[in-house]
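Q: Sequence and computational prediction follow.
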Amino acid sequence: GENVEQHPSTLSVQEGDSAVIKCTYSDSASNYFPWYKQELGKRPQLIIDIRSNVGEKKDQRIAVTLNKTAKHFSLHITETQPEDSAVYFCAARYGNKLVFGAGTILRVKS
Amino acid sequence: GAVVSQHPSWVICKSGTSVKIECRSLDFQATTMFWYRQFPKQSLMLMATSNEGSKATYEQGVEKDKFLINHASLTLSTLTVTSAHPEDSSFYICSASWQGNSPLHFGNGTRLTVT
């Protein structure tokens, strides 16, 4: 069925360190994988996405990698800052709908 | 571009009453909109897919007679929570994309509290 698993559920890093969040999906037909950042009480904001014809995508301090064979994708945040603290959700597109992972609470300690 | 507006941002209602939430795509036409529900400290769970001019498609376990969806135009979808109960208290968020393969953008969400 449609499933997205996300790990870890919480992640604490020191300011300046890197953070990595990993997700796996179940349907090899999925072709679109976005990452959203959600601050408390606010809507999810798209921060980066990747399509299945690309293995890696980078936008400043944020990068996403995709391994289609293993059906997993990861979010990498380098040089973390306190304002990166939030809940991060991965998602995979199944047909015309997005299925979300359980979320990762990222805490960046200054 | 791709702005999605949702109204109201919060609502408090009494048990047994109905609440309507509106979702508008402001600068694009959306033939499909999606309604999600998010309980505290949990993920976004898809409730239903709203299709312009036709019936909504509900996810398993979501009562279609309780959560009425109307998508009467290419820029407006509404979700009505009927006979609301305290367990319906949640954060309801709509979303849309300007075309099938483009990123999904979310409305601001509606915090529903049923007393």
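A: In hand now; what should we look at?
Q: so residue A:28 sits in a helix?
A: No - under the criterion used here (DSSP: H, G, I helix; E, B strand; the rest coil), residue A:28 is coil, not part of a helix.
Q: can I assume it is in contact with residue A:71?
A: Yes - in terms of CB atoms under 8 Å, residue A:28 counts as a neighbour of residue A:71; the distance is 6.4 Å. For every residue, glycine as well, the C-beta is placed using N, CA and C.
Q: neighbour count winner among these two?
A: Per other CB atoms under 10 Å in any protein chain shown, whichever of residue A:28 and residue A:71 has more neighbours is residue A:71, with 15 against 10.
Q: Could you measure from the spatially closest residue to the more buried one that is not a sequence neighbour over to residue B:45?
A: Spatially, and ignoring its direct neighbours in sequence, residue A:71 is nearest to residue A:25 (5.3 Å; CB to CB, 6 or more residues apart in numbering or on different chains). Between residue A:25 and residue B:45 the distance is 17 Å, computed by CB to CB, to the nearest Å.
Q: Counting neighbours, go ahead and name the busier of the two.
A: Taking neighbours as other CB under 10 Å, residue A:25 and residue B:45 compare with residue A:25 leading, 24 against 16.
Q: so what's the more buried one bridging to?
A: residue A:4 (DSSP bridges).
Q: check contacts around it.
A: Applying CB atoms under 8 Å, 6 or more residues apart in numbering or on different chains to residue A:25 gives the contacts A:3-5, A:33, A:71-73, A:92.
Q: contact partners of stretch A:78-90?
A: Residues outside stretch A:78-90 that contact it (CB under 8 Å, 6+ apart): A:4, A:6, A:13-19, A:21, A:23, A:33-39, A:44, A:47, A:61, A:63, A:73, A:75, A:77, A:100-101, A:103-110, B:43-44.
Q: buried ones in whatever helix or strand residue B:21 lives in?
A: Using DSSP states H and E, the element containing residue B:21 is strand B:19-25. For strand B:19-25, the neighbour count (16 or more other CB atoms under 10 Å in any protein chain shown) marks B:19, B:21-25 as buried.
Q: Tell me which strands that strand pairs with, and in which orientation.
A: Using DSSP bridges, strand B:19-25 pairs in its sheet with strand B:4-7 (antiparallel), strand B:76-81 (antiparallel).
Q: who does residue B:33 bridge with?
A: residue B:50, residue B:96.
Q: just checking, it touches residue B:21?
A: No - the criterion here is CB under 8 Å, and residue B:33 misses it with residue B:21 at 11.6 Å.
Q: Which residues are in contact with each of the two?
A: What both residue B:33 and residue B:21 touch, as defined by CB under 8 Å, 6+ apart, is the set residue B:94.
Q: what stretches of chain B score poorly on pLDDT?
A: Applying pLDDT under 70 to chain B flags residues B:1, B:100-101.
Q: Show me the strands in it, by range?
A: B:4-7, B:10-13, B:19-25, B:32-38, B:45-51, B:57-58, B:67-73, B:76-81, B:90-96, B:105-106, B:110-114 (DSSP state E).
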